[in-house]
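**Q** take a look and give me a structure for this.
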Amino acid sequence: MNFAEFPALKALNATQLENLRNACDEQQIEAGEVLISRGHQGGAIYFLLEGGLQVYVPETGREVVLVELQAPAIVGELELLTGQPRTASVRAMSPARVLAISHETIQTRIDDGDPAVLKVVYAISRLIAGRLVSMTEKFVEIEMSAPPQRSDELRSFRTKLFSEWSFEKLN
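**A** Numbering: from 1, shown residues only. As a prediction, the model looks like this:
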């Protein structure tokens, strides 16, 4: 897999792409190895170059698999934007090769006004915003088809969720 093939990197020129690639550390992940653990601070974004990753939420006695990813894919992006601990775990489904770039490196480059990192963070933000739009649409669909008692519960949750989103809560 070529680093330039990642959709989030399409806006970068060759020099920017090379500089970003040089800021990353390559890692080999064995099948079954956990790359990200839910509830922990990870401190890096991972670019999946080869292999497959499974994103899951471990619950007591079972797991909820959110998605299985193949290269090219990016994981660990939410923690960078929220500063919150990881919301899901990620493990290799097969031997995998990733490039890791630390949040510290990204933040330093953002502070320095590095156009490459700003473009990548913008692309990741657009991706996450798209997921949010889809989730909102699905949430409304579920709420509209739910029985009245459940609909009230969902409405209450939605109100809480949207009213608690603010820039102050992120800092």
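**Q** centre of this structure to the edge, which residue is at the far end?
**A** For the chain, the residue at maximal distance from the C-alpha centroid (Cα atoms, centre = their mean) is Pro148, at 34.2 Å.
**Q** report the separation between that one and Ala14.
**A** 59 Å (Cβ to Cβ, to the nearest Å). For the C-beta atoms, the positions are set from N, CA and C on the backbone; glycine is no exception.
**Q** could you do Glu30 as well?
**A** Distance from Glu30 to Ala14, counting by Cβ to Cβ: 33 Å.
**Q** which stretches of this structure aren't confidently modelled?
**A** 165-171 (pLDDT under 70).
**Q** redo that, cut-off 80
**A** Residue ranges of the chain with pLDDT under 80: 1, 60, 148-149, 151, 155, 157-171.
**Q** which strands or helices does the longest helix anywhere in it pack on?
**A** In the chain, taking DSSP state H as the definition, the longest helix is helix 115-145. When contacts are defined as 3 or more Cβ pairs under 8 Å, 6 or more residues apart in numbering; DSSP states H and E, helix 115-145 sits against helix 14-22, helix 77-82, helix 103-111, helix 148-163.
**Q** so which of these comes closest to Ala123?
**A** helix 77-82 (9.9 Å; Cβ to Cβ).
**Q** which strands and helices lie in contact with the next helix or strand after that closest one?
**A** Once the chain leaves helix 77-82, the next helix or strand it forms, by DSSP states H and E, is strand 89-92. If you count contacts as 3+ Cβ pairs under 8 Å, 6+ apart, strand 89-92 packs onto strand 34-36, strand 52-59.
**Q** contact partners of strand 89-92?
**A** Contacts of strand 89-92 from elsewhere in the structure, counted by Cβ atoms under 8 Å, 6 or more residues apart in numbering, are 29-38, 46, 51-58, 75-76.
**Q** what residues sit buried inside that strand?
**A** Residues of strand 89-92 classed as buried: Ser89, Val90, Arg91, Ala92 (neighbour count, 16 or more other Cβ atoms under 10 Å).
**Q** mind putting these in TSV, distance to Leu20 included?
**A** Putting the buried residues of strand 89-92 into TSV (distance: Cβ to Cβ, whole Å) gives the following:
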residue	distance to Leu20
Ser89	26
Val90	21
Arg91	25
Ala92	23
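**Q** and the residue most central in space within the chain, how close does it get to Ile124?
**A** Among the residues of the chain, the one closest to the centroid is Glu77, at 3.5 Å (Cα atoms, centre = their mean). In this view, Glu77 and Ile124 are 5 Å apart by Cβ to Cβ.
**Q** next: Gln27.
**A** Distance of Gln27 to Ile124, computed by Cβ to Cβ: 20 Å.
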